[in-house]
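Student: All I have is the shape, not the residue letters:
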């Protein structure tokens, strides 16, 4: 907070993607000896506290509350009735007593809100003041695009302020962008090459069957019937092969996510795109096979046989 002006603090709290903000500060002691008890406090409303935690129960605004988290070790310094002093940025002091009333939370892991033992309402601070040495904590959704947007917004508001991501590896975000780009390029190239290969194979197969098609036409088979048969002969093995490939790939992806520690569920998100690509391939193969069956009979094809 010492690196931010009041305007920058307001701008950061209002960034697109930021769903909550709060302050975390350590109590002040006149003596700097390490054996003096200290406590961490959170300056936030009940709504802000709920946004930073998985569960929250028993919170009441405008009251100092003791924070209890069953998943976090008990703070031995936060004894009932203990008095702590927080230093304000204007030099004044704010005294807080550990009360009997408590709010029970379950913090995310990891989280900056896992550990503080005292909830201080913002209304308790004098107007225009902040806790000295406090840290501004922002919360956003965890999808990479939102995280990147929030970090870019912080850099635009305060380029020189130090930022400590919690549960986020910045290098991995950059690597994820590169990997996604390579995967997109690979998928597009695979689609183009696959369509071209199927079109070539269909044309080759149709050229081989010209004599048979001419003979069938001479015997009275309709051109429409020959086209339907040609399309079916092309699409039937293609449907079986692509269907098996999609199912096998889907099972492999879900197995990889589950064995890698992900949630146990079937991932349906990418299947519509894969099915659309498969339908595109089949449509291209069908369209390429139709012109190979002509209306007129070429006697040269029969004479060869």
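Tutor: Received it, and whenever you're ready, just let me know what you need. What you see is a predicted model, and the numbers here were worked out from it, not measured in a lab. Numbers count the residues shown, from 1 in each chain.
Student: so where is the stretch 151-300 of the chain shaky, pLDDT-wise?
Tutor: 202, 206, 260-267, 292-300 (pLDDT under 70).
Student: all helices for it, in order.
Tutor: Secondary structure of the stretch 151-300 of the chain (DSSP state H, counting those that start in this stretch): helices at 170-208, 210-218, 223-259, 271-289, 299-304.
Student: Out of the ones you listed, which one sits most buried?
Tutor: Comparing the helices of the stretch 151-300 of the chain by mean neighbour count (mean count of other C-beta atoms under 10 Å), helix 210-218 ranks first with a mean of 17. To be clear about C-beta, it is placed using only N, CA and C from the backbone, and glycine gets the same treatment.
Student: could you say what helices and strands that one packs with?
Tutor: Secondary-structure packing of helix 210-218 (3 or more C-beta pairs under 8 Å, 6 or more residues apart in numbering; DSSP states H and E): helix 223-259, helix 299-304.
Student: Any idea how far apart the tips of stretch 138-150 sit?
Tutor: Stretch 138-150 stretches 9 Å from its first residue to its last (C-alpha to C-alpha, to the nearest Å).
Student: Any buried residues in that stretch, and which?
Tutor: Residues 138-140, 147-150 are the ones in stretch 138-150 that count as buried (16 or more other C-beta atoms under 10 Å).
Student: Would you mind giving the secondary structure of residue 86?
Tutor: strand (DSSP: H, G, I helix; E, B strand; the rest coil).
Student: Go ahead and confirm it touches residue 97.
Tutor: No: look at residue 86 against residue 97 with C-beta atoms under 8 Å: they stay out of range, at 11.9 Å.
Student: So if I had to pick from these two, which one is more boxed in?
Tutor: Neighbours were counted for residue 86 and for residue 97 using other C-beta atoms under 10 Å; residue 86 has more, 24 against 13.
Student: and the closest residue to that one other than its chain neighbours, how many neighbours?
Tutor: If the residues on either side of it in the chain are set aside, residue 86 comes closest to residue 94, at 4.5 Å by C-beta to C-beta, 6 or more residues apart in numbering. Neighbour count for residue 94, taken as other C-beta under 10 Å: 21.
Student: ditto for the one 4 residues further on
Tutor: The local packing count at residue 98 equals 20, with neighbours defined by other C-beta under 10 Å.
Student: Tell me which residues touch it, please.
Tutor: 39, 66, 78-84, 117-118 (C-beta atoms under 8 Å, 6 or more residues apart in numbering).
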